[in-house]
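Trainee: Model the following, please.
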Amino acid sequence: MLDARTASEVLEGIDLSGKHALVTGVSSGIGVETARVLVAHGVDVTGTARDLPKARLATEKLRAGKRAGGGLDLAELDLASLRSVRECADRLLHAGKRFDVVIANAGVMAVPEARTVDGFEIQFATNYLGHFVLINRIAPIINPGGRVVMIASAGHRGADVDMGDLNFDHTPYDPLDAYRRSKTAMILFAVEFDRRHNAAGIRATALHPGAVLTETTRAMIDQQPEAAAAFDWKPVEQGAATLAWAGFVAPANEVGGHYCEDCHVVAINDDPAADFGVRSYALDPDRARGLWVKSEELVKERFG
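Mentor: This is a model prediction of the structure:
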């Protein structure tokens, strides 16, 4: 059932003063709304963006003053460049601030085929691989009891990752298929990160925010109006709700290592005709470990 609550309603009456959060992708859409709601509830937010001038403009009023102890600072981060990712991580590590929640929101959707400066397929690199390096590098400054929230998609139900061809080196490129694979990878990351860190009290989860009206999806609607008509579209205020719930409201043991939609954990559903549930391949612990190892090989960096 569609949960029509907004993020503000999910957090109603909850004081988050003293909490610190990192939110990637705060130049538009869900990222800006998430930052706005968290700051309103007292969270000190660090928001990242590839285009800092755009992010400054989008968050100008939000950054104008602190509210109930909350505030927003911006940091430059281009997830499609491992150099930028590592530089951002280094700055965060040296800043001395620790995080209670990390929200991996930034990403691209169904873009034409392209390679990053590091030679990776653009959607796999931006949506998944950049976050893989960033979050692993800043793991030492995530507080015990903290959470990592990966913004995946119901689109994962359309494609598993191809462990033998992560970069479409041998497979004909399809923009939507590449997007779906990258979102499956994000769920698998949450599964393995949660396994590696839950003993230290840090949990990870993945979620689908809903079909949300953003700059990216509006462009898709203009190009494919018939396909877009099949979705129950949410405004960004509702799209940020499950992020707020998974990051700050739901019990850690309930969401850790799982996949959520509409402010609840959803069950496995492998019916190819089903438009609800999570595919078993996205939660497979062996596939999660395998993707982690391959990712370390790609970025030439190992994480304990």
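
Trainee: only C-alpha atoms for contact and neighbour calcs from this point on.
Mentor: Noted.

Trainee: top helix in the chain by residue count?
Mentor: Identified as the longest helix of the chain according to DSSP state H is helix 175-197.

Trainee: Now do the helix or strand following that helix: distance to the chain's middle.
Mentor: As assigned by DSSP states H and E, the chain's next helix or strand after helix 175-197 is strand 203-208. Relative to its chain's centre, strand 203-208 lies at 8 Å (CA atoms, centre = their mean, to the nearest Å).

Trainee: Paired strands for the next helix or strand after strand 203-208, with orientation please.
Mentor: Downstream of strand 203-208, the first helix or strand assigned by DSSP H and E is strand 211-212. Strands adjacent to strand 211-212 in the sheet, as given by DSSP bridges, are strand 233-234 (parallel).

Trainee: that older thread, give the buried residues for the longest helix of the chain.
Mentor: Neighbour counts using 16 or more other CA atoms under 10 Å place 175-195, 197 of helix 175-197 among the buried residues.

Trainee: what's the spacing between it and its chain's center?
Mentor: 10 Å.

Trainee: Who are the packing partners of that helix?
Mentor: helix 122-123, strand 142-151, strand 203-208, helix 285-299 (3 or more CA pairs under 8 Å, 6 or more residues apart in numbering; DSSP states H and E).

Trainee: can you list the weak-confidence ranges in the stretch 51-200 of the chain?
Mentor: For the stretch 51-200 of the chain, the stretches with pLDDT under 70 are 65-69.

Trainee: I'd assumed residue 207 was in contact with residue 256.
Mentor: No: the pair residue 256 / residue 207 is not scored as a contact, 11.1 Å apart, by CA atoms under 8 Å.

Trainee: Look at the two and report which has more neighbours.
Mentor: The neighbour count for residue 256 versus residue 207, taken as other CA atoms under 10 Å, is higher for residue 207 (29 against 25).

Trainee: so the more buried one touches residue 257, yeah?
Mentor: No: using CA under 8 Å, residue 207 makes no contact with residue 257, being 10.7 Å away.

Trainee: check contacts around the closest residue to residue 184 other than its chain neighbours.
Mentor: Of all residues not flanking residue 184 in the chain, residue 156 sits nearest, at 4.8 Å (CA to CA, 6 or more residues apart in numbering). Shown in contact with residue 156 (CA atoms under 8 Å, 6 or more residues apart in numbering): 180-184, 279, 282.

Trainee: What of residue 130?
Mentor: 79-82, 85.

Trainee: at 10 Å instead, please
Mentor: Residue 130 sits next to 77-86, 104, 106-107, 124, 299 when contact means CA atoms under 10 Å, 6 or more residues apart in numbering.
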